[in-house]
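Colleague: Sequence and predicted model, in that order:
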Amino acid sequence: MAGSRRKAGALAPQVEGYRVWLAQHGYTTQTARNMLKDLGHVGQWLSQRELGGADRSEEKLELCLSDRRKAGRRRVCGLRGMMPLLTHLREAGVVPAPLAMLSPLDVQLVQYRSWIVRERGLSAATILRYENTARRFLAEQALSDGVFVPSGLTGSDLNVFLLRECARVSAGSAKGRVAELRSLMRFLHLHGVTPFRLGAAVPPVGGWRLATVPPTMAATEV
């Protein structure tokens, strides 16, 4: 732990708090270890440039990630991947209010991701798949003239999206979309975003199991 703090530069005081935060939000040990490394990289970058607390913002974080890519670092995540760190730093009062707030859609997605991490205990890959489906669905069905209105979602919106997905993915992937949409609808209803339980409106995806041509029958069987 002491070694982790020494390597985290300007963010050294946040190492243990972030470690606890990640555990509370259901991140696995290996995932948390990688995310603590990301904290260390950002902290070292801030220290090298002698940047203070007021400089710890999305803009500086994007610049940090850009510098790491230019330096040829192999594992550099995008800004979305750094949102847990930014969220923790804001909650801890380390990062001031952002100059450019997240869009209502992004705020909803951050809340949804935190919920599935905390409530579902899914793997990192599964969480990413659920989050990507939620982003695509909400962007396509809950934005009207650039205004985010998830409260107006209906069963018809779910059907339209799922039919569109079925046309472009395999039957197995389409069945995954059903589970992912039901999860999102449950979250939106539990958090008072949608007034109705729309999860039940997500139609199942038909399969071809036992739908083959029956084999021929022997004369004795007839």
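Modeller: Cool, the structure landed.

Colleague: wait, isn't residue 25 in contact with residue 117?
Modeller: Yes: using C-beta atoms under 8 Å, residue 25 is in contact with residue 117, at 4.9 Å. Where you see a C-beta, it was placed from the backbone N, CA and C, and this is true even at glycine.

Colleague: Compare neighbour counts for those two and give me the winner.
Modeller: residue 117 (21 against 16; other C-beta atoms under 10 Å).

Colleague: what separates that one from residue 188, distance-wise?
Modeller: Residue 117 is 17 Å from residue 188, where distance means C-beta to C-beta, to the nearest Å.

Colleague: List the contacts of residue 183.
Modeller: 116, 120, 130 (C-beta atoms under 8 Å, 6 or more residues apart in numbering).

Colleague: among the residues you listed, who's most crowded?
Modeller: That'd be residue 130 among the contacts of residue 183, by other C-beta under 10 Å, with 23 neighbours.

Colleague: Quick one: mean pLDDT for the one helix or strand that one maps to?
Modeller: Assigned by DSSP states H and E, residue 130 belongs to helix 124-141. The average pLDDT within helix 124-141 is 87.

Colleague: can you list contacts of that helix?
Modeller: In contact with helix 124-141 (C-beta under 8 Å, 6+ apart) are residues 27-28, 31, 105, 108-109, 112-113, 116-117, 120, 122, 148, 150, 153, 157-158, 160-161, 164, 176-177, 180-181, 183-184.

Colleague: before we move on, the earlier item: got the contacts of residue 183 as a markdown table, with distance to residue 60 columns?
Modeller: What follows is the contacts of residue 183, written out as a markdown table (distance: C-beta to C-beta, whole Å):
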| residue | distance to residue 60 |
| --- | --- |
| 116 | 29 |
| 120 | 32 |
| 130 | 30 |
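
Colleague: how close does residue 169 sit to residue 195?
Modeller: Distance from residue 169 to residue 195, by C-beta to C-beta: 30 Å.

Colleague: for this protein, what spans make up the strands?
Modeller: 143-144, 147-148 (DSSP state E).

Colleague: low pLDDT regions in this structure?
Modeller: Low-confidence segments of the chain (pLDDT under 70): 1-6, 50-59, 72-79, 93, 95-102, 203-222.

Colleague: What residues sit buried inside the helix holding residue 130?
Modeller: 127, 129, 130, 131, 133, 134, 135, 137, 138, 141 (16 or more other C-beta atoms under 10 Å).

Colleague: from those residues, which single one is nearest residue 11?
Modeller: Comparing the buried residues of helix 124-141 against residue 11 with C-beta to C-beta places residue 127 closest, at 24.1 Å.

Colleague: Residue 36 is in contact with residue 15, correct?
Modeller: Yes: with contacts counted by C-beta under 8 Å, residue 15 reaches residue 36, the gap being 6.6 Å.

Colleague: Quickly note the distance from the residue nearest the centre of the chain to residue 63.
Modeller: Geometric centre of the chain, nearest residue: residue 131, 4.0 Å, by C-alpha atoms, centre = their mean. Going from residue 131 to residue 63 by C-beta to C-beta gives 25 Å.

Colleague: now residue 202
Modeller: Where residue 63 is concerned, residue 202 sits at a distance of 41 Å (C-beta to C-beta).

Colleague: Then residue 21?
Modeller: In terms of C-beta to C-beta, residue 21 sits 24 Å off from residue 63.

Colleague: Those two: who's more crowded?
Modeller: Legend: neighbour count by other C-beta under 10 Å for residue 21 and residue 63, higher for residue 21 (20 against 15).
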